[in-house]
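Undergrad: Mind looking at a prediction? Sequence and model below.
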Amino acid sequence: MKEQAPILIVAIPLLMAFLNIPFGLFKRTLSYPITVITTFLCVYFSYLIADTVVNNGNISYRLGGWEPPWGIEYAIDHLNAYMLIIVSIVSFIVAIYSKNSIEKEIAKEKTVYFYTIYLLLVTGLLGIVVTGDLFNLFVFLEIASLAGYALVAIGEDRAPLATFNYIVMGTIGACFYLLGVGYLYIVTGSLNITDLTKLLPPLYHSKVVLVAFAFFVVGVAIKIALFPLHTWLPDAYTHAPSTVSAFVAATMTKVGAYAMIRVMFTVFEPSFTLEALPTTEILGWVASAAMMFGCIMALAQDDLKRMLAYILVAEVGYIVMGVSVGNKEGFIGSVLHILNDSFMMVSLFLVAGAIMYKEGHRNIKKFANLHKKMPVTMGCFVIAAISMVGVPPTAGFFSKWYLILGAINAQKWFFVAFLLLSSLMVAVAFFKIIQNTFFHPSESHHKHEEPIRDEVPSGMLLPIFVMSVSLLLIGFLSGQIIDLLIQHAVPKGF
Amino acid sequence: MDTMDFIIGKYNYWVYIVLMMIGFYAMIAKNNFVKKLVGMNIFQTAIILYYISIASKKGGATIPIIKEGLDKAHQYLNPLPHVLMLTAIVVMVSTFGVAVAILIMLYRRYGTLEEDEIMAIIKMEKQK
Amino acid sequence: METITSITPLIIISTSLVATFLIFFTDELSKNLREAWTIIASVIKFSFVMSMLPHILDGKLIEYTLVTIAPGLKIQFKVDALGIFFAILASFLWIVTSFYSIGYMRSLNEHAQTRYFCCFAIALSATMGVAMSGNMFTTFVFYEIITLCTYPLVAHKETPEALQGARRYITYLLGTSIAFQLTAIFLTYKAAGTLDFSNQGLLNGAREAGISDLFLTITFILYMAGITKAAMMPLHSWLPAAMVAPTPVSALLHAVAVVKTGVFVVVKVVLHVFGVDLLSSLGLGTALAYFASFTIIVASIIALKQDNLKRRLAYSTVSQLSYVILGVALLTPSAIAGSIMHIVLHAFGKITLFFTAGAIYVATHKTEISQLDGIGKKMPFTMAAFTLGSLSMIGIPPLGGFLSKWYIGIGALEAHQLPIIGVLVGSTILNACYFMPIVYSAFFKEERHDEHHGHSHGHSHSKKGLEEAPTIMVIPLVLTAIGAVALFIAPSIFLELAEMVVESVKG
């Protein structure tokens, strides 16, 4: 079973996605346990894979026994294993959470289909991560995106409109990526990533390769909502069902960032990426703009989910920034931030979902005294917020530490300033909420109308709690995570 | 003469670029969502054309089915891009399907598919 | 130097964290039990701190590494003479303040007392963390925790005014520490490759390693701008704004824990990050000394025109904190000893003053200085303590405050900085100008029967006799006032520790 884990981690959610429909139509309540068990199996397989990678080195799994580069290869190194763990854990946690939230936000007859599409999304995301084939990656990217479109569209009143824009933008991104694959295929005749790594260096002077690279970067940049190509994200993530926002915000952009790192530093060598074009320079500045823009827009929002969505835009900027400075510290920072950010985003969006569940709104201005009603939820919110700001010893600090160290080592002082400035703005944005919640100068305090404690069901509370506690744990374990996985993923050129 | 050759000799690539730009234009500039969707389809079709073009070979290569007397690889077209496009077409059709489903949702909700009209409706509802 | 590995620092920090949980879960079920947790934790904490003292006096170091997160990033405690000095001070005053707090919060029947005591306990944990930290990273972690958990304390009243003050508080402290201090830490790490404190200064070898003077100067300026808790001008205005907090908070946190953490970190940066040699060769010490002098004088002048008692005390704190910075910036042995002594002497004096301000408020609901005429007759103990406290602030011989000014003065002479003597004299006069009138009017002026202030208490005012605050509040303030005197007569332990610090820094 251990040898087959790379294919099982994709095949099982795919299979279960389809089996879910007959089971669900037979008895609706079966869908939820099926989803939870399936995602748990994914966690288990990702653990098996990571264990193998750490102890025995990289895995190369041949689909159907065909030799690469002709057959499709699932190539897994430390970075893949790391991403697999993130995606599967997040999908598991969100799956547990989904039950109550979905019942509240989605019509009953749709829940079966919801879980089917949810499992398809998990399949797509895990597939992107395991595959070692550029075209296969496109297919999984589209599976994930299509499932994402459908899930977002289930949401609120304005969700379909937001989804349509998302589809248009997402398709452009995917098509650009596909064009990039095509251009590389023209000059090398190969689609296998390992094979391309070997074939490309003599061709670096070729214009076709440069064009391919540009298409890749822009295509993926749309998928990860890098400023100024982010326009689809805030609307889509605001109006999606809470469960979906949490999962998609935590994983979609991160897996996209993974694809970007793969293309920039595995398909192409770091020497090419850093020197052939001023790509990294441009990406660095674009990322700075993303951080500034995301944070400023976040400050202006009253809707909690929309605010989080804009912060996500800024966080994507962080990840890209770390990659763009082109040194070991920056790279470690980026990869670590993928983990931290996805966990922080999950906790925050889950809290937003919990507030939606109990209050029926998520307007920051009406949060007064929520902490008395939902003390645990709001406590977790505070932890996640502090981590987002980057206050030690929470997880968020350590990735920022490496990001800033990377920027300093690259002598990019402006980037250092932007990183710190955006942290400050995030701090302001969150303290606005905390102040509104915990210390609001309203009359109810004088009226002695003590709100009754009214927590969300434990099925929702537990995931929130686990995620925020994990933020503290990850903070302390950052060093181990880097030693065990991330430092092996650092490209050779650094 | 070289320029002519550059344009006419590689006409399929020019067509792909022109198609792609038409599609791109429609996606960005059109006000009607269906027209945007059509633009998206043209955009995707352009990519199919591009992939098919790169599969062709000079010197009368034929379809990749083994035939007596043709035993060299260069006598056959490259089958891989065709196969890739089969998959891509599946992806594109499903994208189209999801998009149309969403347009239906939009039409049911707003009674129109013009972007500016939907925006006006949303604005009006907000004011209420 | 001998190093002992011991878990004691961790125990010290966790005692009040455990207390936090106990307080939180006891909540309003049993108020006595809840308050008992605070007292018990504070006593346990103090006794553990004292248990480390003999080892430190033997010249040993106590070290404990909690966790190494990444290269250069470890949570590590290293207790040296300077650290235990601050730890003793803060943990002792916590005991006193706990009693006072209970009296204050109960008399005023304040809301959200559980939150208040919880945050208070965490703040103390973090203060201990700063005192005992072994590297700049640990210091930064606890520094930030202090900021975050004192925010609810400042915002405690939840009035728009309190919220505004709290917002300014968090903006100044969190903002500058992230923007400047963190940057400075990054630059330090880049220059030295480590963040561990060392007696000679961890940047001591940086010049030889090819780090430019400009780089070091910028780092130093960033540190000074980033440690806003020290309330140096122009980044001082959070402190008066934070006076909206309940008085025990102002007393312990804004006369001891928070602001003293600020100056303590400044001292750490000067002595253990940069080192005496490096700073004097860069000439930055003198620059800092004049900067601090500016704050001392200007803050005293502003204090003169404050009518709100707590605001006047706040500006006095701003000015007194800069004494510590001034002393350490002179970089001579006596001045450093003086500045370290000033941390404790000012703490005792200022906490007494804040305690009296709170006691006056609880007993009479008066907050303005102009209302205090004749109050000495009603609250003789309180006002006697106030007098002692203010005499100590001014620095009149039988009181502690004299000692540190004396040392700093000698240090200024050693450093051949005569203008600094002028600053000391000038500020002493100013101190007298803003404290003595209060004492005078409290004891020697007749009470004014003002219609504006007296509407609710007018009748009770005419009565003769004592009107003291509850005993549980008066005893602490008398104790700290006695402490201020005792420290002049027998400063032995503190002076010994301060001299040990000076010795170690000289190498």
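TA: Yes, it's here.
Undergrad: In the stretch 51-200 of chain A, which residue sits closest to chain C?
TA: A:Tyr82 (16.1 Å; C-beta to the nearest C-beta). Yep, even glycine has a C-beta here, placed from its N, CA and C like the rest.
Undergrad: so who does that residue touch?
TA: Residues in contact with A:Tyr82 (C-beta atoms under 8 Å, 6 or more residues apart in numbering or on different chains) are A:Ala50, A:Val335, A:Leu339, A:Leu485, A:Ile486, A:Ala489.
Undergrad: Quick check on C:Pro397: phi, psi?
TA: Phi and psi for C:Pro397, reported as degrees, to the nearest 10, are phi -40, psi -50.
Undergrad: quick one: which helix or strand includes the nearest residue to it once chain neighbours are set aside?
TA: In space, and not counting its chain neighbours, C:Pro397 is closest to C:Phe488: 7.3 Å by C-beta to C-beta, 6 or more residues apart in numbering or on different chains. Using DSSP states H and E, C:Phe488 falls within helix C:471-489.
Undergrad: what does that helix rub up against?
TA: Contacts to helix C:471-489, defined as C-beta under 8 Å, 6+ apart, come from residues C:93, C:96-97, C:99-100, C:102-104, C:107, C:344-345, C:348-349, C:351-352, C:355-356, C:358-359, C:362, C:381-382, C:384-385, C:388-389, C:392, C:397-403, C:468, C:494.
Undergrad: same deal with stretch C:409-425?
TA: C:286, C:289-290, C:293, C:296-297, C:326-327, C:330-338, C:405, C:408.
Undergrad: ok, now stretch C:103-114?
TA: With C-beta under 8 Å, 6+ apart as the test, stretch C:103-114 has contacts from A:445, C:23-24, C:26-28, C:31, C:34, C:116, C:156, C:246-248, C:358, C:362, C:469-473.
Undergrad: what's the average pLDDT for it?
TA: Stretch C:103-114 shows an average pLDDT of 80 in the prediction.
Undergrad: Identify each buried residue in that stretch, please.
TA: Residues of stretch C:103-114 classed as buried: C:Gly103, C:Tyr104, C:Met105, C:Arg106, C:Ser107, C:Ala112, C:Gln113, C:Thr114 (neighbour count, 16 or more other C-beta atoms under 10 Å in any protein chain shown).
Undergrad: could I get those as CSV with secondary structure?
TA: Output for the buried residues of stretch C:103-114, formatted as CSV (DSSP: H, G, I helix; E, B strand; the rest coil):
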residue, secondary structure
C:Gly103, helix
C:Tyr104, helix
C:Met105, helix
C:Arg106, helix
C:Ser107, helix
C:Ala112, coil
C:Gln113, helix
C:Thr114, helix
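Undergrad: Pick the one among these closest to chain A.
TA: The closest of those to chain A turns out to be C:Ala112 (C-beta to the nearest C-beta; 9.3 Å).
Undergrad: low-confidence ranges in the chain?
TA: I'll assume chain A. By pLDDT under 70, the weakly predicted segments of chain A are A:440-451.
Undergrad: The intended chain is chain C.
TA: For chain C, applying pLDDT under 70 flags the ranges C:1, C:448-465, C:507.
Undergrad: Same question for chain B.
TA: Ranges of chain B meeting pLDDT under 70: B:1.
Undergrad: what about the closest residue to chain C within it, helix or strand, and which?
TA: Of all residues in chain B, the one sitting closest to chain C is B:Lys126 (29.8 Å; C-beta to the nearest C-beta). B:Lys126 belongs to helix B:115-127 when elements are defined using DSSP H and E.
Undergrad: Minimum distance to chain A, which residue of the stretch 301-450 of chain C gives it?
TA: Of all residues in the stretch 301-450 of chain C, C:His365 sits closest to chain A, at 18.5 Å by C-beta to the nearest C-beta.
Undergrad: Based on its surroundings, how many neighbours for that residue?
TA: By the measure other C-beta atoms under 10 Å in any protein chain shown, the count of residues near C:His365 is 12.
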